[in-house]
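Asker: No sequence on hand, only this structure:
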């Protein structure tokens, strides 16, 4: 009861190249679609390496499984290496079921991606944001720096939006820390990059799995 009243937490020292935490930003940007004469919401994916806080961000037209996995592939390509563990949230695009005392059931395509890169996926516990505190912090940084600066600009394609995001992301990664030496990128290059597992020769190719019913003529 005493410990619960103090809400004490254990400070975890992250190992270089061990974990990548991923999430979607709550706020969205907009892309103007000239064909329909209306704005399309742009959902921002964020990946962060907790050891160096080196981050990656990209905009997508939706949060469906294909874009979720594509974002992971682009993130590992951006980092130039692969971590041993991946910590996502409990989104249905990645985690089908997550019971308290059982192993989580993953989306089959998501599990295939993890197997291809040699990653162990350990989803954060439900309603436990501290399980991926680095991603939560980076989501806040992206929301305040990148989204805040681009909110009032008009973009006509996701390509142009992502170019603008990359410019702001580069500034964020190269910004000097206030309480430690270096920046996110310099710490990553000097202390973490060498501990990342190498990328496969070719990026993962996404496959979609669906349950199908055989008809009476034995065709699907």
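Answerer: Arrived safely. Quantities reported herein were computed from a predicted structural model and do not represent experimental measurements.

Asker: which secondary element of this protein has the worst mean pLDDT?
Answerer: Of all the helices and strands that make up the chain, the one with the lowest confidence by mean pLDDT, DSSP states H and E is strand 95-97; it has a mean of 65.

Asker: quick one, what contacts residue 180?
Answerer: Under the criterion of C-beta atoms under 8 Å, 6 or more residues apart in numbering, the contact partners of residue 180 comprise residue 187. Glycine gets a C-beta too; all of them are placed from N, C-alpha and C.

Asker: likewise the one 4 residues further on?
Answerer: Contact criterion C-beta under 8 Å, 6+ apart gives 52, 53, 54, 55, 172, 173, 174, 175, 177 as the residues in contact with residue 184.

Asker: Could you measure from it over to residue 173?
Answerer: As judged by C-beta to C-beta, to the nearest Å, residue 184 and residue 173 stand 5 Å apart.

Asker: Can you pull the residues that touch both of these two?
Answerer: In contact with both residue 184 and residue 173: 54, 55, using C-beta under 8 Å, 6+ apart.

Asker: What count of nearby residues applies to residue 115?
Answerer: Residues near residue 115, counting by other C-beta atoms under 10 Å, number 11.

Asker: any idea of the mean pLDDT for the helix ranked longest in the chain?
Answerer: As assigned by DSSP state H, the longest helix anywhere in the chain is helix 158-174. What helix 158-174 shows for mean pLDDT is 93.

Asker: Distance from the very next helix or strand once past it to the middle of the chain?
Answerer: Of the helices and strands lying after helix 158-174 in sequence (DSSP states H and E), the nearest is helix 184-187. Helix 184-187 has its average C-alpha position 18 Å from the chain's average C-alpha position, going by C-alpha atoms, centre = their mean, to the nearest Å.

Asker: So residue 42 sits against residue 25, correct?
Answerer: No. Taking contact to mean C-beta atoms under 8 Å, the distance of 10.0 Å between residue 42 and residue 25 leaves them out of contact.

Asker: Just the angle for the longest strand anywhere in the chain relative to helix 158-174, thanks.
Answerer: Longest strand in the chain, counting residues (DSSP state E): strand 19-33. When axes from the mean of the first three to the mean of the last three C-alpha atoms, to 10 degrees is applied, the directions of strand 19-33 and helix 158-174 differ by 140 degrees.

Asker: Now do the same contact list for residue 77.
Answerer: The contact partners of residue 77, by C-beta under 8 Å, 6+ apart, come to 199, 203.

Asker: Secondary structure of it: a helix, I assume?
Answerer: Yes. Counting by DSSP: H, G, I helix; E, B strand; the rest coil, residue 77 is located in a helix.

Asker: any idea of the pLDDT on it?
Answerer: Residue 77 carries a pLDDT score of 94 in this model.

Asker: Is residue 55 part of a helix or strand, or is it coil?
Answerer: What three-state DSSP gives for residue 55 is strand.

Asker: Please name the bridge partners of it.
Answerer: With DSSP bridges applied, the residues forming beta bridges to residue 55 are residue 48.

Asker: Can you read off the pLDDT for it?
Answerer: Reported pLDDT for residue 55: 91.

Asker: Run a quick check on it versus residue 169, I expect a contact.
Answerer: Yes. With contacts counted by C-beta under 8 Å, residue 55 reaches residue 169, the gap being 6.9 Å.
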